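Enquirer: below are the sequence and a predicted model; questions follow.
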Amino acid sequence: MTMAIVILILVLILAYFYLKCSVMASLSTLMLVILATLITFTYYEVLAELFVSRGYGIQWAHSGCFILAFVLSFALLRALRDLLVGGVKIDLGNPLKISVALICGLLTGIIICGNLLVAVGLTPTHHKMLYSRFSPDKKISLTNPSKSFLNTDGFVAGLYSLISRGSMSSGKSFAILHADYLSHISLNRLKTKDNVLAVTSRKSLVLPTGKTKKPVRIWDIPDKGKVTVVRMGLVVKNIQDGGAGNPAKSSQIAFTPAQIRMICKPTAATGKPAAGSGTAIWPIGFLDGNDNFVASELEDVITPETKSFKNQPLWLDAVFEVPSGAKGVFLQFKQNAIIELPPAVTTSEAIENTLDGKDEEEQ
(Lines give C-alpha, C1' and ligand atoms only; values in the text may rest on other atoms or scores of the structure.)
Protein backbone atom coordinates (compact mmCIF):
# COMPACT_ATOMS: atom_id res chain seq x y z
CA MET A 1 0.00 0.00 0.00
CA THR A 2 2.90 2.34 0.71
CA MET A 3 4.14 1.89 -2.84
CA ALA A 4 0.72 2.80 -4.26
CA ILE A 5 0.50 5.95 -2.11
CA VAL A 6 4.03 7.06 -3.01
CA ILE A 7 3.42 6.47 -6.72
CA LEU A 8 0.09 8.35 -6.59
CA ILE A 9 1.68 11.37 -4.88
CA LEU A 10 4.59 11.37 -7.33
CA VAL A 11 2.27 11.19 -10.36
CA LEU A 12 0.08 14.04 -9.08
CA ILE A 13 3.07 16.27 -8.29
CA LEU A 14 4.74 15.50 -11.63
CA ALA A 15 1.50 16.36 -13.42
CA TYR A 16 1.27 19.66 -11.55
CA PHE A 17 4.86 20.62 -12.38
CA TYR A 18 4.44 19.61 -16.03
CA LEU A 19 1.18 21.49 -16.57
CA LYS A 20 1.50 24.51 -14.29
CA CYS A 21 5.13 25.36 -13.53
CA SER A 22 7.62 27.42 -15.46
CA VAL A 23 11.36 26.88 -15.07
CA MET A 24 11.56 29.44 -12.27
CA ALA A 25 8.45 28.08 -10.54
CA SER A 26 9.78 24.51 -10.66
CA LEU A 27 13.16 25.43 -9.21
CA SER A 28 11.74 27.73 -6.54
CA THR A 29 9.11 25.19 -5.42
CA LEU A 30 11.79 22.52 -4.98
CA MET A 31 13.89 24.93 -2.93
CA LEU A 32 10.88 25.88 -0.79
CA VAL A 33 10.10 22.22 -0.06
CA ILE A 34 13.71 21.64 0.99
CA LEU A 35 13.69 24.73 3.24
CA ALA A 36 10.35 23.69 4.76
CA THR A 37 11.81 20.25 5.50
CA LEU A 38 14.85 21.79 7.22
CA ILE A 39 12.62 24.05 9.32
CA THR A 40 10.34 21.14 10.23
CA PHE A 41 13.11 18.83 11.43
CA THR A 42 14.73 21.68 13.34
CA TYR A 43 11.70 22.89 15.26
CA TYR A 44 9.05 20.18 15.46
CA GLU A 45 10.43 18.74 18.72
CA VAL A 46 10.55 22.18 20.33
CA LEU A 47 6.95 22.76 19.33
CA ALA A 48 5.88 19.29 20.51
CA GLU A 49 7.52 19.86 23.89
CA LEU A 50 5.10 22.72 24.52
CA PHE A 51 2.27 20.19 24.43
CA VAL A 52 4.00 17.20 26.04
CA SER A 53 5.24 19.21 29.03
CA ARG A 54 1.64 20.23 29.73
CA GLY A 55 0.18 16.76 29.24
CA TYR A 56 -1.67 17.60 26.01
CA GLY A 57 -1.75 15.08 23.16
CA ILE A 58 1.28 13.30 24.59
CA GLN A 59 1.33 10.41 22.12
CA TRP A 60 0.35 12.47 19.08
CA ALA A 61 2.19 15.73 19.74
CA HIS A 62 5.32 14.93 17.73
CA SER A 63 3.46 13.71 14.66
CA GLY A 64 0.97 16.58 14.73
CA CYS A 65 3.66 19.21 15.23
CA PHE A 66 5.76 17.71 12.45
CA ILE A 67 2.88 18.04 9.98
CA LEU A 68 1.95 21.49 11.28
CA ALA A 69 5.52 22.77 11.03
CA PHE A 70 5.92 21.50 7.45
CA VAL A 71 2.59 22.82 6.17
CA LEU A 72 2.92 26.24 7.81
CA SER A 73 6.55 26.76 6.85
CA PHE A 74 5.93 25.76 3.22
CA ALA A 75 2.81 27.96 3.02
CA LEU A 76 4.63 30.97 4.47
CA LEU A 77 7.66 30.49 2.23
CA ARG A 78 5.49 30.16 -0.85
CA ALA A 79 3.50 33.26 0.06
CA LEU A 80 6.77 35.16 0.46
CA ARG A 81 8.02 33.87 -2.89
CA ASP A 82 4.81 34.92 -4.66
CA LEU A 83 5.04 38.35 -3.05
CA LEU A 84 8.61 38.91 -4.17
CA VAL A 85 8.81 37.22 -7.58
CA GLY A 86 5.25 36.21 -8.40
CA GLY A 87 5.09 38.36 -11.52
CA VAL A 88 8.42 37.27 -13.01
CA LYS A 89 8.03 35.16 -16.16
CA ILE A 90 11.00 33.83 -18.08
CA ASP A 91 10.42 31.68 -21.18
CA LEU A 92 13.40 29.42 -21.90
CA GLY A 93 11.62 27.11 -24.31
CA ASN A 94 9.52 23.98 -23.87
CA PRO A 95 12.34 21.38 -23.86
CA LEU A 96 14.09 23.03 -20.90
CA LYS A 97 10.77 23.77 -19.17
CA ILE A 98 9.65 20.13 -19.40
CA SER A 99 13.04 18.73 -18.32
CA VAL A 100 13.28 21.01 -15.27
CA ALA A 101 9.63 20.37 -14.37
CA LEU A 102 10.09 16.59 -14.41
CA ILE A 103 13.32 16.63 -12.40
CA CYS A 104 12.12 19.14 -9.83
CA GLY A 105 8.71 17.49 -9.65
CA LEU A 106 10.24 14.08 -8.96
CA LEU A 107 12.54 15.43 -6.23
CA THR A 108 9.73 17.47 -4.69
CA GLY A 109 7.47 14.42 -4.68
CA ILE A 110 10.11 12.27 -3.01
CA ILE A 111 10.67 14.87 -0.29
CA ILE A 112 6.93 15.31 0.35
CA CYS A 113 6.41 11.54 0.51
CA GLY A 114 9.37 11.25 2.86
CA ASN A 115 7.97 13.89 5.21
CA LEU A 116 4.58 12.18 5.16
CA LEU A 117 6.09 8.82 6.12
CA VAL A 118 8.20 10.39 8.89
CA ALA A 119 5.05 11.99 10.30
CA VAL A 120 3.31 8.60 10.19
CA GLY A 121 6.34 7.02 11.88
CA LEU A 122 5.98 9.47 14.77
CA THR A 123 2.39 8.40 15.49
CA PRO A 124 1.78 5.89 18.31
CA THR A 125 0.03 3.38 16.05
CA HIS A 126 1.13 0.72 13.59
CA HIS A 127 -0.60 1.07 10.25
CA LYS A 128 -1.54 -2.00 8.23
CA MET A 129 -1.91 0.17 5.14
CA LEU A 130 1.55 1.70 5.54
CA TYR A 131 4.80 0.00 6.36
CA SER A 132 6.33 -0.35 9.83
CA ARG A 133 10.11 -0.41 9.98
CA PHE A 134 9.89 -3.08 12.70
CA SER A 135 6.86 -5.27 13.27
CA PRO A 136 5.48 -5.25 16.84
CA ASP A 137 4.60 -8.94 16.48
CA LYS A 138 8.00 -10.24 15.40
CA LYS A 139 11.48 -10.48 16.87
CA ILE A 140 13.46 -7.35 16.13
CA SER A 141 16.30 -7.55 13.62
CA LEU A 142 18.24 -4.28 13.78
CA THR A 143 20.26 -5.25 10.72
CA ASN A 144 17.23 -5.95 8.54
CA PRO A 145 14.60 -3.20 8.96
CA SER A 146 11.76 -2.81 6.48
CA LYS A 147 12.06 0.14 4.11
CA SER A 148 9.46 2.17 2.29
CA PHE A 149 9.13 2.22 -1.48
CA LEU A 150 12.02 4.32 -2.85
CA ASN A 151 13.08 4.83 0.81
CA THR A 152 11.70 8.36 0.69
CA ASP A 153 11.68 8.82 4.48
CA GLY A 154 15.28 7.63 4.61
CA PHE A 155 16.14 10.21 1.96
CA VAL A 156 14.74 13.20 3.87
CA ALA A 157 16.17 12.03 7.22
CA GLY A 158 19.56 11.46 5.59
CA LEU A 159 19.43 14.84 3.86
CA TYR A 160 18.76 16.67 7.11
CA SER A 161 21.44 14.65 8.93
CA LEU A 162 23.96 15.57 6.25
CA ILE A 163 23.13 19.26 6.41
CA SER A 164 22.98 19.39 10.23
CA ARG A 165 26.52 18.11 10.62
CA GLY A 166 27.92 20.25 7.80
CA SER A 167 28.38 23.97 7.34
CA MET A 168 24.93 24.70 8.82
CA SER A 169 25.69 22.82 12.04
CA SER A 170 25.13 24.65 15.32
CA GLY A 171 27.16 22.16 17.34
CA LYS A 172 24.11 19.96 17.88
CA SER A 173 24.09 17.56 14.98
CA PHE A 174 20.94 15.65 14.08
CA ALA A 175 23.26 12.83 13.01
CA ILE A 176 24.34 12.52 16.66
CA LEU A 177 21.22 13.33 18.64
CA HIS A 178 19.05 11.28 16.27
CA ALA A 179 21.48 8.74 14.86
CA ASP A 180 19.61 6.09 12.86
CA TYR A 181 16.53 8.30 13.14
CA LEU A 182 13.97 6.05 11.45
CA SER A 183 14.87 3.06 13.61
CA HIS A 184 14.74 5.34 16.66
CA ILE A 185 11.17 6.53 16.10
CA SER A 186 9.97 3.09 15.00
CA LEU A 187 11.38 1.26 18.03
CA ASN A 188 9.90 3.87 20.35
CA ARG A 189 6.36 3.01 19.25
CA LEU A 190 6.92 -0.73 19.03
CA LYS A 191 4.68 -1.64 21.98
CA THR A 192 2.27 1.29 22.18
CA LYS A 193 -0.62 -1.16 21.88
CA ASP A 194 0.55 -2.55 25.26
CA ASN A 195 0.29 0.92 26.87
CA VAL A 196 4.01 1.61 26.51
CA LEU A 197 4.30 5.33 25.74
CA ALA A 198 6.63 6.36 22.93
CA VAL A 199 7.22 9.74 24.56
CA THR A 200 8.56 10.84 27.91
CA SER A 201 9.49 14.10 29.63
CA ARG A 202 12.84 15.61 28.68
CA LYS A 203 13.63 15.67 32.42
CA SER A 204 12.75 12.03 33.09
CA LEU A 205 16.25 10.61 32.46
CA VAL A 206 18.96 11.28 35.05
CA LEU A 207 22.39 10.02 36.08
CA PRO A 208 23.83 9.80 39.61
CA THR A 209 25.31 13.17 40.54
CA GLY A 210 28.47 13.98 42.46
CA LYS A 211 32.16 13.82 41.66
CA THR A 212 32.55 10.44 43.32
CA LYS A 213 29.74 8.86 41.32
CA LYS A 214 30.87 6.99 38.21
CA PRO A 215 27.71 5.90 36.39
CA VAL A 216 29.47 4.55 33.26
CA ARG A 217 31.59 1.52 34.12
CA ILE A 218 33.42 -1.20 32.26
CA TRP A 219 32.47 -4.65 33.52
CA ASP A 220 33.85 -8.06 32.63
CA ILE A 221 30.86 -10.40 32.48
CA PRO A 222 31.26 -14.16 31.96
CA ASP A 223 30.34 -15.29 28.44
CA LYS A 224 30.04 -11.63 27.38
CA GLY A 225 33.50 -10.21 27.99
CA LYS A 226 33.97 -6.49 28.53
CA VAL A 227 30.73 -4.54 28.44
CA THR A 228 29.68 -1.00 29.36
CA VAL A 229 27.20 -0.67 32.21
CA VAL A 230 25.31 2.61 32.67
CA ARG A 231 23.54 3.47 35.92
CA MET A 232 20.48 5.38 34.68
CA GLY A 233 17.57 6.79 36.62
CA LEU A 234 13.95 7.24 35.54
CA VAL A 235 12.04 9.94 37.41
CA VAL A 236 8.89 8.47 38.96
CA LYS A 237 6.44 11.25 38.15
CA ASN A 238 3.86 11.85 35.46
CA ILE A 239 5.17 13.14 32.14
CA GLN A 240 3.73 16.63 32.60
CA ASP A 241 5.51 16.80 35.98
CA GLY A 242 8.91 15.96 34.49
CA GLY A 243 8.82 12.18 34.89
CA ALA A 244 8.44 9.00 32.85
CA GLY A 245 5.09 7.89 34.27
CA ASN A 246 1.97 7.36 32.22
CA PRO A 247 -0.72 9.81 33.43
CA ALA A 248 -3.45 7.38 32.35
CA LYS A 249 -1.94 4.52 34.40
CA SER A 250 -1.36 6.19 37.80
CA SER A 251 2.25 7.14 37.00
CA GLN A 252 3.14 3.60 35.94
CA ILE A 253 6.44 3.42 34.08
CA ALA A 254 6.50 0.97 31.19
CA PHE A 255 9.25 0.69 28.60
CA THR A 256 11.14 -1.72 26.39
CA PRO A 257 14.92 -2.08 26.00
CA ALA A 258 14.37 -0.85 22.44
CA GLN A 259 13.52 2.56 23.92
CA ILE A 260 16.93 2.88 25.59
CA ARG A 261 19.94 3.55 23.44
CA MET A 262 23.47 4.83 23.60
CA ILE A 263 24.99 7.11 20.98
CA CYS A 264 28.64 6.30 20.30
CA LYS A 265 31.44 8.18 18.58
CA PRO A 266 35.00 7.08 17.74
CA THR A 267 37.27 7.08 20.79
CA ALA A 268 39.64 9.49 19.05
CA ALA A 269 36.85 11.99 18.26
CA THR A 270 37.42 15.47 19.67
CA GLY A 271 35.35 18.63 19.86
CA LYS A 272 31.78 19.02 21.03
CA PRO A 273 30.07 15.72 21.90
CA ALA A 274 26.98 16.65 19.88
CA ALA A 275 28.92 17.56 16.73
CA GLY A 276 29.54 15.26 13.78
CA SER A 277 27.86 11.88 13.42
CA GLY A 278 27.40 8.86 15.64
CA THR A 279 26.22 5.28 15.88
CA ALA A 280 23.27 4.07 17.95
CA ILE A 281 23.42 0.86 20.01
CA TRP A 282 20.81 -0.74 22.22
CA PRO A 283 21.17 -2.63 25.53
CA ILE A 284 21.67 -6.37 25.61
CA GLY A 285 20.28 -6.65 29.14
CA PHE A 286 20.44 -5.32 32.69
CA LEU A 287 22.13 -6.06 36.00
CA ASP A 288 19.79 -7.29 38.71
CA GLY A 289 19.94 -6.31 42.40
CA ASN A 290 22.75 -8.80 42.98
CA ASP A 291 24.87 -7.49 40.09
CA ASN A 292 24.06 -10.52 37.95
CA PHE A 293 23.63 -10.02 34.23
CA VAL A 294 20.12 -10.67 32.93
CA ALA A 295 19.78 -10.77 29.15
CA SER A 296 16.73 -9.14 27.58
CA GLU A 297 15.17 -8.87 24.15
CA LEU A 298 14.56 -5.43 22.67
CA GLU A 299 10.82 -6.06 22.47
CA ASP A 300 10.39 -7.13 26.12
CA VAL A 301 7.92 -4.93 28.03
CA ILE A 302 9.31 -3.90 31.43
CA THR A 303 6.93 -2.53 34.09
CA PRO A 304 8.90 -2.06 37.34
CA GLU A 305 7.15 -1.50 40.65
CA THR A 306 7.32 2.22 41.44
CA LYS A 307 4.89 2.78 44.32
CA SER A 308 7.63 2.83 46.97
CA PHE A 309 9.85 5.39 45.23
CA LYS A 310 7.87 8.50 46.17
CA ASN A 311 9.04 10.72 43.30
CA GLN A 312 12.63 9.43 43.55
CA PRO A 313 14.45 8.02 40.50
CA LEU A 314 14.11 4.38 39.61
CA TRP A 315 17.71 3.23 39.13
CA LEU A 316 18.65 0.70 36.46
CA ASP A 317 21.95 -0.74 35.25
CA ALA A 318 21.70 -1.04 31.46
CA VAL A 319 24.34 -3.19 29.76
CA PHE A 320 25.74 -2.28 26.33
CA GLU A 321 28.27 -3.87 24.02
CA VAL A 322 30.12 -0.80 22.79
CA PRO A 323 31.93 -1.39 19.47
CA SER A 324 35.71 -1.55 19.55
CA GLY A 325 37.27 1.86 19.08
CA ALA A 326 34.11 3.70 20.14
CA LYS A 327 32.89 5.50 23.25
CA GLY A 328 29.43 6.35 24.52
CA VAL A 329 28.64 10.07 24.47
CA PHE A 330 24.85 10.21 25.01
CA LEU A 331 22.14 8.07 26.56
CA GLN A 332 18.59 8.36 25.26
CA PHE A 333 15.25 7.22 26.62
CA LYS A 334 12.17 7.05 24.41
CA GLN A 335 11.48 9.89 21.98
CA ASN A 336 12.92 12.98 23.58
CA ALA A 337 14.96 12.40 26.75
CA ILE A 338 18.72 12.56 26.27
CA ILE A 339 21.66 13.07 28.61
CA GLU A 340 25.40 13.36 28.07
CA LEU A 341 27.53 10.51 29.40
CA PRO A 342 30.79 10.95 31.32
CA PRO A 343 33.83 8.87 30.32
CA ALA A 344 33.69 5.18 31.18
CA VAL A 345 35.88 3.83 34.00
CA THR A 346 36.83 0.29 34.94
CA THR A 347 34.56 -0.78 37.74
CA SER A 348 35.72 -1.59 41.24
CA GLU A 349 34.09 -2.52 44.51
CA ALA A 350 34.49 1.06 45.75
CA ILE A 351 32.77 2.49 42.68
CA GLU A 352 29.85 0.09 42.95
CA ASN A 353 29.50 0.68 46.69
CA THR A 354 29.38 4.43 46.11
CA LEU A 355 26.64 4.06 43.52
CA ASP A 356 24.66 1.64 45.67
CA GLY A 357 25.06 3.92 48.67
CA LYS A 358 23.42 6.72 46.70
CA ASP A 359 20.53 4.42 45.91
CA GLU A 360 20.10 3.58 49.59
CA GLU A 361 20.13 7.25 50.59
CA GLU A 362 17.52 8.24 47.99
CA GLN A 363 15.22 5.33 48.59
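Expert: In hand now; what should we look at?
Enquirer: longest helix anywhere in this structure?
Expert: Scanning the chain for the longest helix, with DSSP state H as the assignment, gives helix 23-52.
Enquirer: so Met262 makes contact with Ile281?
Expert: Yes. Counting by C-beta atoms under 8 Å, Ile281 is a contact partner of Met262 at 5.2 Å. All C-beta atoms are positioned from the backbone trio N, CA, C, and that covers glycine.
Enquirer: list the residues that contact both of these two?
Expert: When C-beta atoms under 8 Å, 6 or more residues apart in numbering defines a contact, the residues bordering Met262 and Ile281 alike are Phe320, Val322.
Enquirer: quick one, which of the two is more surrounded?
Expert: Neighbours per residue, other C-beta atoms under 10 Å: of Met262 and Ile281, the larger number sits with Met262, 26 against 20.
Enquirer: what's across from that one in the sheet?
Expert: Beta-bridge partners for Met262, by DSSP bridges, are Ile281, Leu331.
Enquirer: which residues are in contact with it?
Expert: When contacts are counted by C-beta under 8 Å, 6+ apart, Met262 touches 228, 230, 280-283, 320, 322, 328, 330-332, 341.
Enquirer: for Leu117, same thing?
Expert: Each residue near Leu117 by C-beta under 8 Å, 6+ apart is listed here: Thr2, Leu130, Ser148, Thr152, Asp153.
Enquirer: please, a ChimeraX command that selects the buried ones among the residues you listed?
Expert: Buried subset of these, written as a ChimeraX selection, criterion 16 or more other C-beta atoms under 10 Å:
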select :2,130,148,152,153
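Enquirer: which one of the contacts of Leu117 is nearest Leu162?
Expert: Asp153 (14.9 Å; C-beta to C-beta).
Enquirer: for the stretch 251-363 of the chain, what spans make up the strands?
Expert: Shown for the stretch 251-363 of the chain, the strands assigned by DSSP state E, counting those that start in this stretch span residues 260-266, 279-281, 285-287, 293-295, 313-320, 326-333, 337-340, 345-346.
Enquirer: let's have those in TSV, adding mean pLDDT.
Expert: TSV is the format used below for the strands of the stretch 251-363 of the chain (pLDDT from 0 to 100):
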stretch	mean pLDDT
strand 260-266	97
strand 279-281	96
strand 285-287	97
strand 293-295	95
strand 313-320	95
strand 326-333	97
strand 337-340	96
strand 345-346	96
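Enquirer: most tightly surrounded among the ones you listed?
Expert: Comparing these by mean neighbour count (mean count of other C-beta atoms under 10 Å), strand 260-266 ranks first with a mean of 24.
Enquirer: how much space between Leu8 and Thr2?
Expert: Note on Leu8: its distance to Thr2, by C-beta to C-beta, to the nearest Å, is 11 Å.
Enquirer: so which bits of the longest helix of the chain are buried?
Expert: In helix 23-52, counting by 16+ other C-beta under 10 Å, buried: 23-26, 28-30, 32-34, 36-42, 44-45, 47-49, 51-52.
Enquirer: cool, and stretch 137-152?
Expert: Across stretch 137-152, burial judged by 16+ other C-beta under 10 Å covers Ile140, Pro145, Ser148, Phe149, Leu150, Thr152.
Enquirer: please name the nearest non-neighbouring residue to the first one.
Expert: With C-beta to C-beta, 6 or more residues apart in numbering as the measure, Leu298 is the residue that lies nearest to Ile140, at 4.6 Å, once sequence neighbours are left out.
Enquirer: correct me, but that neighbour touches Pro136?
Expert: No. Between Leu298 and Pro136 there is no contact under C-beta under 8 Å: 11.4 Å.
Enquirer: which one's more surrounded, the two?
Expert: Leu298 (20 against 15).
Enquirer: hang on, the earlier thing: need the buried residues of stretch 137-152 in CSV with distance to Leu205, can you?
Expert: Shown next, in CSV, are the buried residues of stretch 137-152 (distance: C-beta to C-beta, whole Å):
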residue, distance to Leu205
Ile140, 22
Pro145, 25
Ser148, 30
Phe149, 35
Leu150, 35
Thr152, 32
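Enquirer: between all of those, which two are separated the most?
Expert: Ile140 and Leu150 (23.9 Å).
Enquirer: paired strands for the lengthiest strand in the chain, with orientation please.
Expert: As assigned by DSSP state E, the longest strand anywhere in the chain is strand 225-235. Strand 225-235 has the following strand partners under DSSP bridges: strand 205-206 (antiparallel), strand 216-221 (antiparallel), strand 313-320 (antiparallel).
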